[in-house]
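Undergrad: I would like the atomic coordinates for the input below:
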Amino acid sequence: MRVTRSITIDESELTERFILSSGPGGQNVNKVATAVELRFDVLQSKSLPEAVRERLIVLAGKRLSAAGILVIAAQRFRSQSRNREDARGRLAALILEAATPPKQRRATRPSRAAKRRRVDDKRQQGARKRERSGSSWD
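TA: Got it, this is the predicted structure:
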């Protein structure tokens, strides 16, 4: 499975299990295992660079088991093949998101005009509150 030009996931690293779906499908749901559970061992994968692996572990969140296996369940569609494509697409999207390094934050300072506007706004707000508390309700 090709994710980017440099990242290709080998089919042997993916494990698929077909289970009964709770999604749409009418009586078909009770008879055919259309839902797909895609498993990908993030920690043991030889296809992922180390930096991508670390970001993927963070991005996966609760979908990552304690053993480091990423589990993606797909049951959106009525057919097994479309759920299979959906699961693989979601895995590819997650890896692609992990493959893009985060932008470095560049420290900036507020301008003199921005500081002045902030102080003026605070002064106006204080004046407004003073006016409100000054009136009596006799």
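Undergrad: residues in contact with the helix or strand harbouring residue 36?
TA: In this assignment (DSSP states H and E), residue 36 forms part of strand 35-41. Residues from elsewhere that reach strand 35-41 (C-beta atoms under 8 Å, 6 or more residues apart in numbering): 9, 13-23, 67-75, 80, 83-84, 86-88, 91. C-beta here means a position set from N, CA and C on the backbone, and glycine is covered the same way.
Undergrad: got the CA positions of the helix or strand following it in PDB?
TA: Per DSSP H and E, the first helix or strand lying C-terminal to strand 35-41 is helix 50-60. This file holds the C-alpha atoms of helix 50-60, laid out as PDB (Å, rounded to 0.1, in the frame of the first residue of the first chain):
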ATOM      1  CA  GLU A  50      11.400   6.600  13.200                       C
ATOM      2  CA  ALA A  51      10.100  10.200  13.200                       C
ATOM      3  CA  VAL A  52       6.900   9.200  11.400                       C
ATOM      4  CA  ARG A  53       6.400   6.300  13.800                       C
ATOM      5  CA  GLU A  54       6.700   8.600  16.900                       C
ATOM      6  CA  ARG A  55       4.200  11.100  15.400                       C
ATOM      7  CA  LEU A  56       1.800   8.200  14.400                       C
ATOM      8  CA  ILE A  57       1.900   6.800  18.000                       C
ATOM      9  CA  VAL A  58       0.700  10.200  19.300                       C
ATOM     10  CA  LEU A  59      -1.900  10.700  16.500                       C
ATOM     11  CA  ALA A  60      -3.400   7.200  17.000                       C
END
